[in-house]
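Q: Any chance you can model this:
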Amino acid sequence: MTNLTIFENADFGKIRTIEINGEPWFVAKDVAQSLGYTWNGVQRIAHVPQEWRGVTSVVTPSGNQEMSILSEQGLYFFLGRSDKSTALPFQKWIAGEVLPQIRKHGGYLTPSKIEEVLLNPDTIIRLATDLKNERQKSATLQEQNSLLEQKEKENTAKIAELQPKAEYTDTILSSQNSVTVTQIAADYKMSAKKLNEILRSQGVQWKVGNQWVLISKYQDSGYTKSATYEYTSNKTGKVTATMSTQWTQKGRLFINTILNKMGIYATVDLSADRQDNNDKQEQLAL
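A: Here you go, the predicted structure:
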């Protein structure tokens, strides 16, 4: 059986607490009613994980009673899922006043505990040990939280970096038509001449006569197709046919991958932190 310690607040009334294995537990009925719930027995806290709730026998003025109780974790779980507007102020009171009093000097200093400390030196040693363990636990949790926060920042930055690329990829995949190198170059704010030269330097294509063609390594990859155009000479009036290379959407993605590896991104990809890179691309296109 366990004795109760009562904490009282003008807004929330009385909250009975008990100590089990050096840890504070809260009478669930008091918590529920302080928030404005009707107490309907253990059903009220049935959603709290089993390891964070329980039943214990406590001493009351009317005798020994079985009471449903919540651990500190169970209390926060219950409050976090409450739809009552009083849940947050109640949590602030518990975290700001009740728990600090319970943990003061590393022990649960009820009047009987104070008397025990005065009469038994071993008790103060145990309390000091508990305080040390509590502080070590707190330091470990803070370190873990810091690592999680850092990981979250890294993930957020990675998502922000990948999002523009995904947007441009979506744009490409939504189109089924082949495009000219001039159209692709415009996506990166450069000239067709500059893009063709980059693709040549990267070992993708070479020039045969007046037409750029893929090297044999890429010819069967579905990146390009040839189109024949007829035009009439303004000088002679003669109709002439000429071959031109067009890029498929698969080839357009291939070019995008190459340029991204070089630090060159499509205009739609450019976020604020890439604006300097955009300016450099404009200079290269001149």
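
Q: Distance check, residue 17 against residue 147.
A: Distance of residue 17 to residue 147, computed by C-beta to C-beta, to the nearest Å: 33 Å. Where C-beta positions appear, they are placed from N, C-alpha and C, glycine not excepted.

Q: ok, now residue 49?
A: For residue 49, the distance to residue 147 - C-beta to C-beta - is 25 Å.

Q: Checking the most far-flung residue of the chain relative to its centre next. Helix, strand or coil?
A: Centroid-distance maximum for the chain: residue 236 at 67.2 Å, with C-alpha atoms, centre = their mean. When classified by DSSP: H, G, I helix; E, B strand; the rest coil, residue 236 comes out as coil.

Q: Could you pull up phi and psi at it?
A: Main-chain torsions, residue 236, degrees, to the nearest 10: phi -100, psi -20.

Q: repeat for residue 29
A: Dihedral angles (degrees, to the nearest 10) for residue 29: phi -60, psi -40.

Q: Pretty sure it sits against residue 65.
A: No - using C-beta atoms under 8 Å, residue 29 makes no contact with residue 65, being 10.5 Å away.

Q: who's more crowded, these two?
A: Using other C-beta atoms under 10 Å as the criterion, residue 29 and residue 65 rank with residue 29 on top: 19 against 13.

Q: From residue 39, how far out is that one?
A: Per C-beta to C-beta, residue 29 is found 5 Å from residue 39.

Q: Over to residue 203?
A: 77 Å.

Q: Which one's more surrounded, these two?
A: Higher neighbour count among residue 203 and residue 39: residue 39, with 15 against 11, using other C-beta under 10 Å.

Q: Report whether the more buried one is found in a strand, as I expect.
A: No - with three-state DSSP as the criterion, residue 39 is assigned coil and is not in a strand.

Q: Which pLDDT does the model give it?
A: In this model, residue 39 is scored at 94, pLDDT.

Q: show me where the stretch 151-286 of the chain has strands.
A: With DSSP state E, counting those that start in this stretch as the criterion, the stretch 151-286 of the chain has strands at 205-208, 211-214, 224-232, 239-247.

Q: Need the ones you listed in a markdown table (columns: mean neighbour count, distance to residue 122 and mean pLDDT).
A: Output for the strands of the stretch 151-286 of the chain, formatted as a markdown table (neighbours: other C-beta atoms under 10 Å; distance: least, C-beta to C-beta, whole Å; pLDDT from 0 to 100):
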| stretch | mean neighbour count | distance to residue 122 | mean pLDDT |
| --- | --- | --- | --- |
| strand 205-208 | 13 | 85 | 88 |
| strand 211-214 | 16 | 85 | 87 |
| strand 224-232 | 11 | 85 | 73 |
| strand 239-247 | 14 | 83 | 75 |
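
Q: how about a markdown table for these, with distance to residue 93 added?
A: Output for the strands of the stretch 151-286 of the chain, formatted as a markdown table (distance: least, C-beta to C-beta, whole Å):
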| stretch | distance to residue 93 |
| --- | --- |
| strand 205-208 | 72 |
| strand 211-214 | 72 |
| strand 224-232 | 71 |
| strand 239-247 | 67 |
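
Q: Residue 97 is nearest to which of the ones you listed?
A: strand 239-247 (69.1 Å; C-beta to C-beta).

Q: avg pLDDT for stretch 155-163?
A: The model assigns stretch 155-163 a mean pLDDT of 60.

Q: out of the strands of the stretch 151-286 of the chain, nearest to residue 193?
A: Short answer: strand 211-214, nearest of the strands of the stretch 151-286 of the chain by C-beta to C-beta, at 10.7 Å.

Q: contacting residues around the closest one?
A: Under the criterion C-beta atoms under 8 Å, 6 or more residues apart in numbering, residues 181, 196, 199-200, 204-207, 219, 221, 223-224, 226, 243-245 lie in contact with strand 211-214.

Q: Repeat that for stretch 53-61.
A: Surrounding stretch 53-61, the residues in contact under the criterion C-beta under 8 Å, 6+ apart are 1-4, 16, 18, 20, 25, 27-28, 42, 45, 64-71, 74.
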